[in-house]
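**Q** only geometry, no sequence info:
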DNA sequence: ACTATTGGAGAGCTATACTATCCATGTCAA
DNA sequence: TTGACATGGATAGTATAGCTCTCCAATAGT
């Protein structure tokens, strides 16, 4: 297919496809002549993945490019992707008082030790957790009461996540599942958590007359 | 205190404080003369909150302004904040095929009915969950296996979240806890989940020689 | 042969979150 | 009291991200 059909199938404007090609988010089509290229269904799939990582996962273009590069490697290492490539998807801008941050790091190390978690020496994830704990401190809120419960929940979820990854037959599929599961999983979990909070809140603070159980897309 | 001291205490540059004042993220200081104002500790706290919502929560300025407006209301309704104001913090850009989205909405309604969740008629949260489910579909992945487990986790987390909110003594404190807990909680949960995934992955795919249990901030 | 489309390259656009510059007015140490 | 420096307020400029537009010669399809 040519670019117009690709655009139509993936629901992405032609100029945007050209932009993604320039940015290396989409491999070039097979050139049949100096200014004609052919695209196939893998391009459609790749475009859909890019849009989903952008719109739902809110990842920056540069991060998506790095992820896709990992995904395209001949024999990808699933553990390496989960441990190294995906940390980039949870990054927070640092904004904390250094002293608060150091204390938070110690709290994180304690947590990891207590749980016996086996993590790579890479500080990416630890950094992210410490930043959030520090953020709770900065606004004068104690995260301590939540930390253990969240870690419990994270452990249980991670078991299912890895099961989800393992379910894919080949290595390529596993990496794909890891990326999709990690990025979309965050959004899914966040949205479901908000829903469950609303329900808990309704139970706790009383049910209002605008409460119901189902509604359509509009 | 004057603006220079406020800037120093909160770690925010003076021009940025002036910008936040213009944008309504920070209430004006008490004017002692046409071009002199006095600020207090509440301004420091508010600035820190803004930075944390920006840097860790990644919320846009406009969303932060709306949240803070709710927070400043004389007698804020905690349930109303949880149900109406916070949905804005989980929004996803829509990018899905309408047919896929309609099916996803049905799946969401089934989930809500099965769980007996009591939700407001407001479609915000449902919309978000449906968008993510649709996104899984778009990339050719079946979210079904994860949905129930995630909903379980969300329920358990929400109980602790509401406990966290209820722990605050006054209504103002509850709303503050709800906002901080909802926004930072997402980031904390995401970061812990990635950590737990790395651990599960290490268990599943074998431990590497670069694995250890603790590391410092650098 | 002729009209529309293509790949490729560059410039332009929009939104967000600042950052810099002015200036008339104030503060405060000497 | 005087003079360097800070302040509030307004306006304009900057950086980055993610597109979108315009142009061109070469080609596809009829």
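**A** That came through, no problem. None of these values were measured; they are calculated from a predicted model.
**Q** all the helices of chain A, residue numbers only.
**A** A:3-10, A:14-23, A:41-55, A:61-72, A:78-80, A:98-115, A:124-138, A:144-166, A:171-205 (DSSP state H).
**Q** out of the ones you listed, deepest packed?
**A** Each of the helices of chain A was scored by mean neighbour count; the highest is helix A:124-138, a mean of 26, by mean count of other Cβ atoms under 10 Å in any protein chain shown. (Each C-beta comes from the backbone N, C-alpha and C, glycine too.)
**Q** helices or strands up against that one?
**A** helix A:98-115, helix B:41-55, helix B:171-205 (3 or more Cβ pairs under 8 Å, 6 or more residues apart in numbering or on different chains; DSSP states H and E).
**Q** quick one: stretch A:28-46 to chain centroid distance?
**A** Centre-to-centre, stretch A:28-46 and its host chain are 28 Å apart (Cα atoms, centre = their mean, to the nearest Å).
**Q** and stretch A:46-56, by the same measure?
**A** 11 Å.
**Q** report the beta-bridge partners for the residue lying farthest from the centre of chain A.
**A** Distance from the C-alpha centroid of chain A peaks at residue A:33, with 38.4 Å (Cα atoms, centre = their mean). Residue A:33 forms beta bridges with residue A:36, as assigned by DSSP bridges.
**Q** do you know how far it is from residue A:4?
**A** For residue A:33, the distance to residue A:4 equals 17 Å [Cβ to Cβ, to the nearest Å].
**Q** quick one: name the residues of chain A near DNA strand C.
**A** A:2-5, A:14, A:18-19, A:21-22, A:28-29, A:31, A:35-37, A:39 (Cβ under 7 Å from any atom of the strand).
**Q** kindly report the domain assignment for chain A.
**A** For chain A, automatic domain parsing gives the domain ranges A:3-85, A:89-148.
**Q** possible to save these as a markdown table with distance to DNA strand D and mean pLDDT?
**A** Formatted as a markdown table, the domains of chain A follow (distance: least, Cβ to the nearest atom of the strand, whole Å; pLDDT from 0 to 100):
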| stretch | distance to DNA strand D | mean pLDDT |
| --- | --- | --- |
| domain A:3-85 | 3 | 92 |
| domain A:89-148 | 12 | 88 |
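**Q** mind checking which of these is nearest residue B:43?
**A** domain A:89-148 (13.8 Å; Cβ to Cβ).
**Q** relative to the whole chain's centre, how far out is the closest one?
**A** Taking mean C-alpha positions (Cα atoms, centre = their mean), domain A:89-148 and its chain are 19 Å apart.
**Q** so who does residue A:51 touch?
**A** A:10, A:11, A:12, B:95, B:138 (Cβ atoms under 8 Å, 6 or more residues apart in numbering or on different chains).
**Q** name the nearest residue to the residue nearest in space to the middle of chain A, ignoring sequence neighbours.
**A** Centroid check for chain A by Cα atoms, centre = their mean gives residue A:183 as the closest residue, at 1.9 Å. Spatial nearest neighbour of residue A:183, excluding adjacent residues (Cβ to Cβ, 6 or more residues apart in numbering or on different chains): residue A:57 at 3.9 Å.
**Q** tell me how many other residues crowd that neighbour.
**A** Residue neighbour count, defined by other Cβ atoms under 10 Å in any protein chain shown, stands at 25 for residue A:57.
**Q** now it: phi and psi?
**A** Main-chain torsions, residue A:57, degrees, to the nearest 10: phi -80, psi -20.
**Q** wait, it touches residue A:190, no?
**A** No: if you go by Cβ atoms under 8 Å, residue A:57 and residue A:190 don't touch, sitting 11.1 Å apart.
**Q** contacting residues for the residue nearest to residue A:183?
**A** Per Cβ under 8 Å, 6+ apart, neighbours of residue A:57: A:89, A:183, A:184, A:186, A:187.
**Q** from memory the last one sits against residue B:91, does it?
**A** In other words, residue A:187. No: applying Cβ under 8 Å as the test, residue A:187 and residue B:91 come out as separate, 10.1 Å apart.
**Q** what sits in contact with each of those two?
**A** residue B:128.
**Q** buried sites along stretch A:25-36?
**A** For stretch A:25-36, a neighbour-count test (16 or more other Cβ atoms under 10 Å in any protein chain shown) marks A:25, A:26, A:29 as buried.
**Q** quick one, what contacts the closest residue to the first one other than its chain neighbours?
**A** Take residue A:25 and drop its neighbours on the chain: the residue closest to it by Cβ to Cβ, 6+ apart is residue A:50, 5.2 Å away. Applying Cβ under 8 Å, 6+ apart, we find residue A:50 in contact with A:20, A:25, A:26, A:64, A:68.
**Q** return the closest of these with respect to residue A:112.
**A** Among those, and counting by Cβ to Cβ, the member closest to residue A:112 is residue A:64, at 29.0 Å.
**Q** list the residues that contact the closest one.
**A** With Cβ under 8 Å, 6+ apart, residue A:64 has these contacts: A:25, A:50, A:53, A:54.
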